[in-house]
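K.L.:
Next one to model:
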Amino acid sequence: MVSVAIVDYGVGNLRSIKRALERTGATSIITSSSSDIKRADAIVLPGVGSFKSAMQNLGPMLQSLHEAIEGGRPVLGICLGLQLFFEWSEEGGVKGLGLVEGFVDRLPSTVKVPHMGWNSINVRAWSPIIDGIPNGAYMYFVHSYKVNPKRSDVVIATTTYGCDFPSIIEAKPVILGTQFHPEKSGSYGLAILKNFVKLVKQ
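P.N.:
The predicted structure follows:
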């Protein structure tokens, strides 16, 4: 059975992610322990909160996170968790994990922020993470910032809200991220999590 470490770095919504993952058949643990991260088959970086405080709280776990992810351990970043993959964020002006080239900035001032509610994804490239997910599927978003990858080939899907922004990314070695919350996105969101667990098994 696949074991998933849900990294607790002081953000909310951990219990709903844990419940959703367990519905896929995986076992999951909410943890801030480096040893748990090292032992798990996969890692989830959840996300509701500020970039700066998240990076500060991740401090004691940074080395074990980098070693696991760069060593090929599959990781799924959700919302803020996706943004943390990048090199730096306009929110707080701080460095991120640097796993994906690019930066994070605020959504356009022409739209109300946070972007909150259901919106569709526009599939740009195929990935195992979207197996069975139709183009135009609706997912649940809550965010004020967006990611700007340096390389367009990491973008699996985009969403439009004031501008087009990446809503699913995939980078090497096994780095996956969603700007939406799959644990709040009904059957399609659960399918995303099932695909992640299936990928870990492989």
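
K.L.:
Report the buried residues of stretch 122-136.
P.N.:
Within stretch 122-136, the residues that qualify as buried by neighbour count (16 or more other C-beta atoms under 10 Å) are 123, 124, 127, 129, 130, 133. Just so you know, the C-beta spots here come from the backbone N, C-alpha and C atoms, and that holds for glycine as well.

K.L.:
CA atoms of it as CSV?
P.N.:
Taking C-alpha atoms only, stretch 122-136 is exported to CSV below (Å, rounded to 0.1, in the frame of the first residue of the first chain):
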residue,chain,number,x,y,z
ASN,A,122,-7.8,23.9,-20.3
VAL,A,123,-5.6,20.8,-21.1
ARG,A,124,-2.4,21.8,-22.9
ALA,A,125,-0.4,18.5,-22.7
TRP,A,126,-1.1,14.9,-21.7
SER,A,127,0.1,13.6,-18.4
PRO,A,128,-0.8,10.5,-16.3
ILE,A,129,-2.1,13.0,-13.6
ILE,A,130,-5.0,13.9,-15.9
ASP,A,131,-5.9,10.4,-17.1
GLY,A,132,-9.6,10.3,-17.4
ILE,A,133,-10.1,14.1,-16.8
PRO,A,134,-11.8,15.8,-19.7
ASN,A,135,-10.7,19.1,-21.1
GLY,A,136,-12.9,21.8,-19.5
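
K.L.:
Show me which of the buried residues of stretch 122-136 is closest to residue 152.
P.N.:
The closest of the buried residues of stretch 122-136 to residue 152 turns out to be residue 124 (C-beta to C-beta; 8.3 Å).

K.L.:
wait, isn't that closest one in contact with residue 155?
P.N.:
Yes. In terms of C-beta atoms under 8 Å, residue 124 counts as a neighbour of residue 155; the distance is 5.4 Å.

K.L.:
Now for residue 101, how many residues are close by?
P.N.:
Counted with other C-beta atoms under 10 Å, the burial measure for residue 101 works out to 14 neighbours.

K.L.:
Show the contacting residues for it.
P.N.:
Residue 101 makes contact with 86, 87, 149, 150, 151 under the criterion C-beta atoms under 8 Å, 6 or more residues apart in numbering.

K.L.:
now do residue 33
P.N.:
residue 61.

K.L.:
circling back: if any of the contacts of residue 101 are buried, give me the PyMOL selection for them.
P.N.:
For selection in PyMOL, the members of the contacts of residue 101 meeting the burial criterion (16+ other C-beta under 10 Å) are listed in this command:
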select buried, resi 86+149
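
K.L.:
I'm done for today, thanks for sticking with me.
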